[in-house]
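predicted model and sequence below, questions to follow.
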Amino acid sequence: MKIALITGVSGQDGSYLAEFLLQKGYKVHGIRRYSSTNTIKNLYGIVNNKKLNKNFFLHYADVTDTDSIYRVIKSVKPIEIYNLAAQSHVHASFKVPEYTSQVDAVSQLRVIEVVKQLNPKIKIYQAATSELYGNSNKKFQNENTPFDPVSPYSTAKLYGFYISKVYREAYGMFITNGILFNHESPRRGPSFVTKKITESVKKIVNGEIAYMSLGNLDSKRDWGYAKEYVESMWVMLQQKKPDDFVIATGKVYSVRNFVEEAFRNVNIKIKWKGTGVNEFGYDMKTKKILVKVDPYYFRPNELNYLRGDYSKSKKILKWRPKVTFKELVKIMIQAEFKN
Ligand code: NAP
Ligand code: G4F
């Protein structure tokens, strides 16, 4: 039986990936941080499923703690490691830049070094990101587009990207960087914009809140569906040689588009009025204000536009996205109301 280890298993991607690998017949081990609160709700689908749970194991460890990582990798003996653990919030990285560097940069090296010492044949997937491109002037970003990070988060991830490449080239290790563009799902953390919007739509419809407050409505992202993005991580590690791959949809939408589409799913048509921080969105029928702009959510440095060119992945990995933007919003809204 193939053995995989996932760091960040309780996160959005980690939980989908664990389900995917278990269904492929893997024995899956996950690294979980110590916490006095429950942080594993994304794993309920596994732990409540006898068939999946019998091959699933959680270990307490922290990617900022070399000893704990060493101990887990030594005892688990994985053939593949999916290194997903991160402080993954870009805005938060401006508030805790040093901590973000520890978790998102140095920890990527930590895992690689432990693997080099214990068994350099273990294949590693490193979670790189489209944030690396920064405000690129290219219409589409691909594996050849220069990086220009604009946040402490993406600067830390830049280190992770290059240290992976260095170990790959210097020591012949199998380390692949997945440059994934934004991917969302009902399991997205509540402070990321898509989940915040869908959760707020539900609360507005249920009368729990009157409106939602957002930051930059004009920011544009290439949003895909997390559940199908994690499959590409596995495909990357099944290749003959390690490499870097962009995973994206090639389509771009603004935060404003996401808001409109989310409300459309509950039969509310949003109209916009005003500009800048005085802009607001209101229900065309009732004239009630449902969206306000709050500068609190602006970032010291904004990344305005991301759109991925995934042609290399399509050609080599035979991977392509299937879920459209509209379907993604619908999946997230339906999950809110089901909850
Ligand atoms: P996420 O939901 O925020 O999950 C992050 C995971 O990392 C959580 O399980 C978290 O555990 C864990 N973690 C954080 N600090 C840790 C530490 N010190 N030791 C061990 N575990 C730790 O992120 P995601 O959206 O699934 O993303 C997965 C990876 O892909 C991340 O590296 C992210 O930066 C990267 N990425 C994401 C996207 C995207 O659009 N989602 C795009 C490109 C790249 P707790 O539950 O204890 O907090
Ligand atoms: O949902 P976001 O916080 O995601 P962001 O910053 O694009 O980062 C995500 O995707 C990256 C891949 O490109 C990952 F590497 C990273 O780990 C993370 O998963 O914000 C998306 C956009 C931003 O431009 C932000 O300024 O939405 C804008 N926005 C507008 N109002 C908001 C809000 N973002 C958040 N979080 N909250 C708001 O109220």
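That came in fine, so what should we check first? Ligands and ions are numbered 1, 2, ... in the order given.

tell me which parts of the stretch 51-200 of the chain are close to ligand 2?
Taking Cβ under 6 Å from any ligand atom as the measure of proximity, the stretch 51-200 of the chain contacts ligand 2 at 88, 90-91, 129-131, 181-182, 191-193, 196. Using the backbone N, CA and C atoms, a C-beta is placed for each residue, glycine as well.

am I right that Tyr99 is in contact with Gln87?
Yes. Using Cβ atoms under 8 Å, Tyr99 is in contact with Gln87, at 6.4 Å.

can you pick out the residue with more neighbours from these two?
Neighbour tally, Tyr99 and Gln87, criterion other Cβ atoms under 10 Å: the higher count belongs to Gln87, 19 against 15.

ok but the more buried one is inside a helix, no?
No. If the criterion is DSSP: H, G, I helix; E, B strand; the rest coil, then Gln87 is coil and not within a helix.

and the pLDDT at it?
Reading off the per-residue confidence, Gln87 sits at a pLDDT of 98.

state the distance from it to ligand 1.
The gap separating Gln87 from ligand 1 is 6 Å, by Cβ to the nearest ligand atom, to the nearest Å.

circling back: between the residues of the stretch 51-200 of the chain next to ligand 2, which is nearest Tyr167?
For these, the minimum distance to Tyr167 (Cβ to Cβ) is 18.8 Å, reached by Thr129.

isn't the closest one right up against Ser154?
Yes. With contact defined as Cβ under 8 Å, Thr129 counts as touching Ser154 (6.7 Å).

please enumerate the strands of the stretch 101-250 of the chain.
123-129, 175-180, 183-184, 212-214, 220-221, 224-225, 244-247 (DSSP state E, counting those that start in this stretch).

want to throw these into a markdown table with distance to Ile333?
What follows is those, written out as a markdown table (distance: least, Cβ to Cβ, whole Å):
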| stretch | distance to Ile333 |
| --- | --- |
| strand 123-129 | 26 |
| strand 175-180 | 23 |
| strand 183-184 | 12 |
| strand 212-214 | 14 |
| strand 220-221 | 18 |
| strand 224-225 | 14 |
| strand 244-247 | 24 |
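
would you mind saying which of those strands lies nearest Val255?
Relative to Val255, the nearest member of these by Cβ to Cβ is strand 212-214, separated by 6.5 Å.

buried stuff in that closest one?
By 16 or more other Cβ atoms under 10 Å, the buried positions in strand 212-214 come out as 212, 214.

cool, and stretch 109-118?
When neighbours are counted by 16+ other Cβ under 10 Å, the buried residues of stretch 109-118 are found to be 109-112, 114-115.

just stretch 35-43 next, same as before
Judged by neighbour count using 16+ other Cβ under 10 Å, the buried positions of stretch 35-43 are 42-43.

select only the buried ones of the residues of the stretch 51-200 of the chain next to ligand 2 in PyMOL?
Buried members of those, identified by 16+ other Cβ under 10 Å, are gathered into one PyMOL selection as follows:
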select buried, resi 88+90+91+129+130+131+181+182+192+193+196
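
where along the chain do the helices fall?
Taking DSSP state H to define them, one finds helices in the chain at 12-23, 44-47, 50-53, 66-76, 90-95, 97-101, 107-118, 152-171, 193-205, 226-237, 255-264, 311-316, 325-338.

so does the fifth one get close to ligand 1?
Think helix 90-95. No. Counting by Cβ under 6 Å from any ligand atom, no contacts exist between helix 90-95 and ligand 1, the nearest distance being 9.1 Å.

circling back: dump the helices of the chain to a markdown table, plus mean pLDDT and distance to Asn142.
Output for the helices of the chain, formatted as a markdown table (pLDDT from 0 to 100; distance: least, Cβ to Cβ, whole Å):
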| stretch | mean pLDDT | distance to Asn142 |
| --- | --- | --- |
| helix 12-23 | 98 | 21 |
| helix 44-47 | 95 | 34 |
| helix 50-53 | 95 | 36 |
| helix 66-76 | 98 | 32 |
| helix 90-95 | 98 | 21 |
| helix 97-101 | 98 | 26 |
| helix 107-118 | 97 | 22 |
| helix 152-171 | 98 | 14 |
| helix 193-205 | 98 | 24 |
| helix 226-237 | 98 | 15 |
| helix 255-264 | 98 | 23 |
| helix 311-316 | 98 | 7 |
| helix 325-338 | 98 | 20 |
